[in-house]
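>>> Only the shape, not the letters, is given here:
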(Lines give C-alpha, C1' and ligand atoms only; values in the text may rest on other atoms or scores of the structure.)
Protein backbone atom coordinates (compact mmCIF):
# COMPACT_ATOMS: atom_id res chain seq x y z
CA UNK A 1 0.00 0.00 0.00
CA UNK A 2 0.98 3.62 -0.50
CA UNK A 3 0.36 5.65 2.64
CA UNK A 4 0.61 9.37 3.35
CA UNK A 5 1.31 10.45 6.92
CA UNK A 6 0.38 14.08 7.58
CA UNK A 7 2.64 15.46 10.30
CA UNK A 8 6.20 14.54 11.24
CA UNK A 9 6.08 14.85 15.00
CA UNK A 10 6.48 11.89 17.38
CA UNK A 11 3.22 10.23 16.29
CA UNK A 12 3.83 10.76 12.57
CA UNK A 13 7.40 9.46 12.69
CA UNK A 14 6.39 6.44 14.77
CA UNK A 15 3.49 5.58 12.46
CA UNK A 16 5.68 5.97 9.36
CA UNK A 17 8.38 3.75 10.88
CA UNK A 18 5.97 0.97 11.79
CA UNK A 19 4.19 1.05 8.43
CA UNK A 20 7.49 1.07 6.55
CA UNK A 21 8.66 -1.98 8.49
CA UNK A 22 5.47 -3.77 7.41
CA UNK A 23 6.44 -3.20 3.80
CA UNK A 24 4.24 -0.24 2.88
CA UNK A 25 5.41 2.71 0.81
CA UNK A 26 5.24 5.70 3.17
CA UNK A 27 5.40 9.43 2.49
CA UNK A 28 5.45 11.96 5.34
CA UNK A 29 3.98 15.38 4.59
CA UNK A 30 5.14 18.22 6.84
CA UNK A 31 4.14 21.90 6.69
CA UNK A 32 7.30 23.19 8.39
CA UNK A 33 10.65 23.65 6.68
CA UNK A 34 12.13 20.70 8.57
CA UNK A 35 10.58 17.46 9.86
CA UNK A 36 10.34 16.64 13.54
CA UNK A 37 7.30 18.59 14.71
CA UNK A 38 7.29 18.97 18.48
CA UNK A 39 10.67 17.27 18.69
CA UNK A 40 12.22 19.92 16.48
CA UNK A 41 10.27 23.09 17.30
CA UNK A 42 8.57 22.52 20.65
CA UNK A 43 11.39 21.13 22.79
CA UNK A 44 14.44 23.36 23.35
CA UNK A 45 17.94 22.10 22.57
CA UNK A 46 18.78 22.02 26.26
CA UNK A 47 16.31 19.14 26.62
CA UNK A 48 16.66 17.43 23.26
CA UNK A 49 19.64 17.92 20.97
CA UNK A 50 18.34 18.47 17.45
CA UNK A 51 21.22 16.47 15.98
CA UNK A 52 19.67 13.41 17.64
CA UNK A 53 16.32 14.13 15.96
CA UNK A 54 17.93 14.77 12.58
CA UNK A 55 19.94 11.55 12.82
CA UNK A 56 16.82 9.52 13.49
CA UNK A 57 15.00 11.18 10.58
CA UNK A 58 17.96 10.43 8.28
CA UNK A 59 17.74 6.77 9.29
CA UNK A 60 14.04 6.71 8.39
CA UNK A 61 14.83 8.21 5.01
CA UNK A 62 17.59 5.69 4.43
CA UNK A 63 15.05 2.97 5.14
CA UNK A 64 12.90 4.26 2.28
CA UNK A 65 10.51 6.75 3.87
CA UNK A 66 9.92 9.85 1.73
CA UNK A 67 9.56 13.19 3.53
CA UNK A 68 8.01 16.26 1.91
CA UNK A 69 8.45 19.56 3.78
CA UNK A 70 6.86 22.99 3.27
CA UNK A 71 3.62 21.31 2.22
CA UNK A 72 0.52 22.27 4.21
CA UNK A 73 -2.52 20.09 3.76
CA UNK A 74 -5.53 22.26 3.08
CA UNK A 75 -3.41 25.00 1.51
CA UNK A 76 -0.82 23.43 -0.78
CA UNK A 77 -2.64 20.16 -1.29
CA UNK A 78 -6.19 19.04 -0.55
CA UNK A 79 -7.24 16.03 1.49
CA UNK A 80 -9.15 14.78 -1.54
CA UNK A 81 -5.98 14.92 -3.64
CA UNK A 82 -4.13 12.87 -1.05
CA UNK A 83 -6.90 10.29 -0.94
CA UNK A 84 -6.76 9.99 -4.71
CA UNK A 85 -2.98 9.65 -4.74
CA UNK A 86 -2.51 7.26 -1.80
CA UNK A 87 -4.23 4.10 -0.65
CA UNK A 88 -4.50 5.46 2.88
CA UNK A 89 -3.94 8.77 4.69
CA UNK A 90 -3.00 9.08 8.36
CA UNK A 91 -3.38 12.41 10.16
CA UNK A 92 -0.81 12.91 12.91
CA UNK A 93 -0.97 16.67 13.25
CA UNK A 94 -0.81 16.84 17.04
CA UNK A 95 -2.79 18.90 19.53
CA UNK A 96 -2.22 22.33 18.00
CA UNK A 97 -5.03 24.11 19.83
CA UNK A 98 -3.69 25.20 23.20
CA UNK A 99 -5.77 25.45 26.35
CA UNK A 100 -6.39 28.91 27.79
CA UNK A 101 -7.20 29.76 31.39
CA UNK A 102 -10.77 30.66 30.53
CA UNK A 103 -10.70 33.85 32.62
CA UNK A 104 -11.03 37.54 31.84
CA UNK A 105 -7.85 38.92 30.36
CA UNK A 106 -6.30 35.65 29.20
CA UNK A 107 -6.27 37.08 25.67
CA UNK A 108 -4.89 40.49 26.65
CA UNK A 109 -1.87 42.06 24.99
CA UNK A 110 1.33 40.51 26.29
CA UNK A 111 -0.24 37.13 27.10
CA UNK A 112 1.50 34.44 25.09
CA UNK A 113 0.95 30.70 24.90
CA UNK A 114 3.93 28.60 25.92
CA UNK A 115 4.22 26.54 22.75
CA UNK A 116 4.02 29.66 20.58
CA UNK A 117 6.94 31.14 22.52
CA UNK A 118 9.03 27.97 22.40
CA UNK A 119 8.36 27.47 18.68
CA UNK A 120 9.27 31.08 17.92
CA UNK A 121 12.47 30.70 19.93
CA UNK A 122 13.46 27.61 17.98
CA UNK A 123 12.79 29.32 14.66
CA UNK A 124 14.97 32.23 15.75
CA UNK A 125 17.80 29.85 16.56
CA UNK A 126 17.68 28.83 12.91
CA UNK A 127 18.19 32.43 11.86
CA UNK A 128 14.56 33.19 11.12
CA UNK A 129 12.91 36.37 12.39
CA UNK A 130 10.83 36.08 15.53
CA UNK A 131 7.61 38.02 15.97
CA UNK A 132 8.04 40.98 18.37
CA UNK A 133 5.14 39.59 20.36
CA UNK A 134 7.22 36.53 21.23
CA UNK A 135 10.34 38.44 22.23
CA UNK A 136 10.74 38.43 26.03
CA UNK A 137 14.05 40.26 26.17
CA UNK A 138 14.00 43.09 28.71
CA UNK A 139 10.53 42.17 29.95
CA UNK A 140 9.30 40.92 33.30
CA UNK A 141 7.72 37.52 32.79
CA UNK A 142 5.47 35.33 34.89
CA UNK A 143 4.82 31.76 33.78
CA UNK A 144 1.49 30.20 34.75
CA UNK A 145 1.68 26.42 34.83
CA UNK A 146 4.07 24.27 36.83
CA UNK A 147 4.17 21.12 34.75
CA UNK A 148 6.99 20.32 32.36
CA UNK A 149 6.33 23.17 29.94
CA UNK A 150 6.24 26.03 32.46
CA UNK A 151 9.78 25.60 33.81
CA UNK A 152 10.97 24.88 30.27
CA UNK A 153 9.67 28.25 29.08
CA UNK A 154 11.31 30.06 31.98
CA UNK A 155 14.59 28.22 31.56
CA UNK A 156 14.61 28.91 27.84
CA UNK A 157 14.16 32.59 28.62
CA UNK A 158 16.83 32.45 31.34
CA UNK A 159 19.41 30.85 29.07
CA UNK A 160 18.55 32.69 25.87
CA UNK A 161 17.42 36.18 26.80
CA UNK A 162 20.11 36.63 29.50
CA UNK A 163 18.41 39.68 31.00
CA UNK A 164 18.64 38.66 34.64
CA UNK A 165 18.19 42.11 36.18
CA UNK A 166 14.63 42.41 34.91
CA UNK A 167 13.67 38.77 34.93
CA UNK A 168 10.83 37.41 37.02
CA UNK A 169 10.32 33.73 36.35
CA UNK A 170 7.73 32.63 38.86
CA UNK A 171 5.69 29.55 38.09
CA UNK A 172 2.20 29.29 39.54
CA UNK A 173 0.27 26.08 39.85
CA UNK A 174 -2.64 25.00 42.00
CA UNK A 175 -2.00 22.35 44.69
CA UNK A 176 1.35 21.28 43.30
CA UNK A 177 4.60 19.84 44.51
CA UNK A 178 7.14 22.05 42.80
CA UNK A 179 10.50 20.42 42.23
CA UNK A 180 13.05 22.04 39.96
CA UNK A 181 16.10 20.27 41.32
CA UNK A 182 16.62 18.48 38.01
CA UNK A 183 17.22 21.87 36.39
CA UNK A 184 19.50 23.42 39.01
CA UNK A 185 22.78 21.69 38.25
CA UNK A 186 22.88 21.52 34.47
CA UNK A 187 22.76 25.16 33.42
CA UNK A 188 25.94 26.39 35.05
CA UNK A 189 24.25 29.58 36.26
CA UNK A 190 23.93 28.48 39.87
CA UNK A 191 21.08 27.44 42.13
CA UNK A 192 20.53 30.84 43.74
CA UNK A 193 19.48 32.47 40.47
CA UNK A 194 17.25 29.58 39.52
CA UNK A 195 15.44 29.96 42.85
CA UNK A 196 13.34 32.74 41.32
CA UNK A 197 11.64 29.99 39.38
CA UNK A 198 10.40 28.15 42.47
CA UNK A 199 6.83 27.00 42.15
CA UNK A 200 4.17 28.66 44.32
CA UNK A 201 1.55 26.12 45.35
CA UNK A 202 -2.01 26.27 46.60
CA UNK A 203 -2.93 29.38 44.61
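Perfect, I can see it now. Keep in mind that this is a model prediction, so the values were computed, not measured. Numbering: from 1, shown residues only.

>>> And the helices in this structure?
Using DSSP state H, the helices of the chain run over 10-21, 50-62, 79-85, 114-125, 149-161, 191-194.

>>> Could you list the low-confidence segments of this protein?
In the predicted model, the chain carries pLDDT under 70 at residues 127-137, 146-148, 150-151, 154-203.

>>> residues contacting residue 25?
Neighbouring residues of residue 25 by C-beta atoms under 8 Å, 6 or more residues apart in numbering: 1-3, 64. C-beta: built from backbone N, CA, C; applies to glycine.

>>> Quick check: of those residues, which has the highest neighbour count?
residue 3 (19 neighbours; other C-beta atoms under 10 Å).

>>> Residue 65 - how many residues pack around it?
The number of residues packed near residue 65 is 22, by other C-beta under 10 Å.

>>> Please tell me how far it sits from residue 45.
Distance, residue 65 to residue 45, by C-beta to C-beta, to the nearest Å: 25 Å.

>>> Which of the contacts of residue 25 fall in strands?
Under the assignment DSSP state E, those contribute 2-3 to strands.

>>> In a markdown table, list the contacts of residue 25 along with distance to residue 57.
Putting those into a markdown table (distance: C-beta to C-beta, whole Å) gives the following:
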| residue | distance to residue 57 |
| --- | --- |
| 1 | 22 |
| 2 | 20 |
| 3 | 17 |
| 64 | 13 |
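
>>> one step back: now, of the helices of the chain, which is deepest in the fold?
Counting by mean count of other C-beta atoms under 10 Å, helix 149-161 has the highest mean neighbour count of the helices of the chain, with a mean of 21.
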